[in-house]
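> sequence unknown, structure follows:
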């Protein structure tokens, strides 16, 4: 009698053993593990290839031994695995939900979400590598915070082929990881799956072990004076790939800040705290009969190195108009700007305030609580007509929040200009597209000078204050096509990018830079000739200087906004005034001193808010301290120059001491052999830092007193 059940199949089911539970779990997880394995292997290939191709990565560090560099490569791949596991797992879950959904629309929606998420992740990864290749830094929270408030302005300075290349390449990679590779995994055979998982697992294991052994073997080097991390740790955290940089950033933000040892000798530093007074109180102390109601014209030239002028040792005539101005001016041969980047430096000669206001990079808030009396505030109160004409966009770094537009009759900059603006790569369409968005491209300096000349004519008969910021000399050193080049070829066979160009092309890049300055010089000459034609020259104070200098790999970096070496920090300062005897003055000078010096020439008392001093006092202090700062994603440093020595404190790297008399190129670090001098200068530098930061952190003080002044 049959029961209708196949006897053989029942016996087969009864006799076939079930696989162990662990094996069933492993086999069920194989597809996900395969995807993660492929993801890690692919990114590992990218990491190794990019590290080998791009300069200054961890595995190419000249400071470290071969073993240390290999251990850092292992660390790089281990951290990669730690980040890809949760990221890849999350994307995989989205993909599984999409495949298992019974609704066609939901499947397509989740597929779109998967592609977009994958592209954003890969784009950030690619952008971080592109940023490192161009500037030497990977993206972290500080870099993103620097760029996020003005993304269009940042993009304005990015080389278009590089930007478009990153966008296209990352989109293709995102498609591959989210669509093409999963399909390949589905159709490939189980032995291939097992092989991929085993290879990736072995690779991750070897990487973890190599990273641990490397940290034990190379991470315990002696720490140099003032440093908080070893060269191995610095390279690991800053040059071992995007994920290693993000991990280091998280560790720095969440952990206890490292302690530095400072010995502050307060008895050698006198600190002045001046109470706030009203404009009426200040003007009450002005003897009107002694005021010289001369016009004031301040010209700030972007990236102007001292060695581009004959008087500072220039070997060729780059700026003949400024060379001619020198012959009837007081020239300060030891002048320093207070920051290496425009959003800090540009406001110093207007405010006479140090730009250090927070421990990290700072952006000016709307309606700052702290007091600021700009040079044009006082002159406006004395009946002057006042204006700023800037070829750059003054919204960069929110500088426009610091200006007091109520004291200005005209505030001209790229965002308010109705004529043609430019992008540095000649993409005028991009510049026009962003007009009105507080992110317009730069203005060619010819238009800025034209607008200034028209304004001067419109205020004829009134004393006026005019501040100009000229920008054609900003990297990549824009020279109009019709301008005859005196130093460089018209066409280049390479690209000058921000802080990045072939090192064997330095002489050509310097020649392009010189031509951009020569072009600016012709625009300055137009302004000067107009003042002469209008009969204003003999009743005008002229101040010319650089907002910073420019580096051409003298210390391993190009452009500016980075380390505080003298090719960036020591800039021309030229002051011409009616009756002022021309000549060279070697006293220590800062652009912080411009407002009190101009007031001295006009017969005005210094305003108590000024942190600088007049450079026309008869008894200069040759041992005066000069302070400077940089706070950008490229560098966090401070420095002091005093008595012929310079002490530079680079975050995490420690102290660098230079004898500027015997070693003006700053090549030999004396810190290891002059700890006594390091101790003295570090004490003064730290006293300055602490006083500045304490003041700006204490909001109630802002209504009582001006920023402190250190007299030493």
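Great, that's in hand. What you are looking at is a predicted structure, and each value in this text was computed from that prediction instead of being measured.

> check contacts around residue 710.
By CB atoms under 8 Å, 6 or more residues apart in numbering, the contact set of residue 710 is 269, 270, 271, 272, 625, 684, 687, 688, 691. No exception for glycine: its C-beta is placed from N, CA and C like everyone else's.

> now it: how far from residue 401?
26 Å (CB to CB, to the nearest Å).

> for residue 457, the count of nearby residues, please.
Residue 457 has 10 neighbours, counted by other CB atoms under 10 Å.

> would it count as being in a helix?
Yes - applying DSSP: H, G, I helix; E, B strand; the rest coil, one finds residue 457 inside a helix.

> what are the ranges of the helices in the stretch 151-300 of the chain?
With DSSP state H, counting those that start in this stretch as the criterion, the stretch 151-300 of the chain has helices at 151-156, 160-175, 181-187, 190-218, 231-239, 242-254, 279-284.

> deepest-packed of those helices, please.
Neighbour counts (mean count of other CB atoms under 10 Å) averaged over each of the helices of the stretch 151-300 of the chain peak at helix 231-239, with a mean of 22.

> follow-up on the earlier one: possible to save the helices of the stretch 151-300 of the chain as a markdown table with mean pLDDT?
Output for the helices of the stretch 151-300 of the chain, formatted as a markdown table (pLDDT from 0 to 100):
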| stretch | mean pLDDT |
| --- | --- |
| helix 151-156 | 63 |
| helix 160-175 | 77 |
| helix 181-187 | 71 |
| helix 190-218 | 85 |
| helix 231-239 | 88 |
| helix 242-254 | 86 |
| helix 279-284 | 94 |
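
> domains of the chain?
The chain breaks down into these domains under automatic domain parsing: 20-254, 266-614+622-711.

> ranking those domains by mean pLDDT, which is last?
Mean pLDDT is lowest for domain 20-254 among the domains of the chain, at a mean of 77.

> check contacts around the residue lying closest to residue 239 once chain neighbours are set aside.
In space, and not counting its chain neighbours, residue 239 is closest to residue 58: 4.4 Å by CB to CB, 6 or more residues apart in numbering. By CB under 8 Å, 6+ apart, the residues touching residue 58 are 51, 64, 69, 72, 73, 76, 235, 236, 239, 240, 241.

> what about the second one, how many neighbours?
Which is residue 64. 21.

> residues contacting it?
58, 72, 218, 231, 232, 235.

> adding distance to residue 524, write those out as a markdown table.
Converted to a markdown table, the contacts of residue 64 look like this (distance: CB to CB, whole Å):
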| residue | distance to residue 524 |
| --- | --- |
| 58 | 46 |
| 72 | 50 |
| 218 | 54 |
| 231 | 45 |
| 232 | 49 |
| 235 | 45 |
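
> which one of those is nearest residue 608?
Nearest to residue 608 among the contacts of residue 64 is residue 231, at 46.0 Å by CB to CB.

> how close does that closest one get to residue 304?
34 Å.

> what pairs with the residue sitting nearest the centre point of the chain across the strands?
Nearest to the mean C-alpha position of the chain, by CA atoms, centre = their mean, lies residue 632 at 3.9 Å. Bridge pairing for residue 632 (DSSP bridges) gives the partners residue 635.

> that one against residue 362, yeah?
No - counting by CB atoms under 8 Å, residue 632 does not reach residue 362; the two are 10.5 Å apart.

> hang on, the earlier thing: comparing the domains of the chain, which comes out most buried?
By mean neighbour count, with neighbours taken as mean count of other CB under 10 Å, domain 266-614+622-711 ranks first of those at a mean of 19.

> ok, and what's touching stretch 508-520?
So stretch 508-520 is contacted by 301, 303-304, 308, 316, 318-319, 445, 470, 472-473, 476-480, 483, 485-489, 492, 496, 501, 550, 552, 558 (CB under 8 Å, 6+ apart).

> hmm, try it at 6 Å
301, 308, 318-319, 445, 470, 472-473, 477, 479, 483, 485-488, 496, 501, 552 (CB atoms under 6 Å, 6 or more residues apart in numbering).

> what's the offset of that stretch from the middle of its chain?
22 Å (CA atoms, centre = their mean, to the nearest Å).

> repeat for stretch 377-391
On CA atoms, centre = their mean, the centre of stretch 377-391 falls 29 Å from that of its chain.
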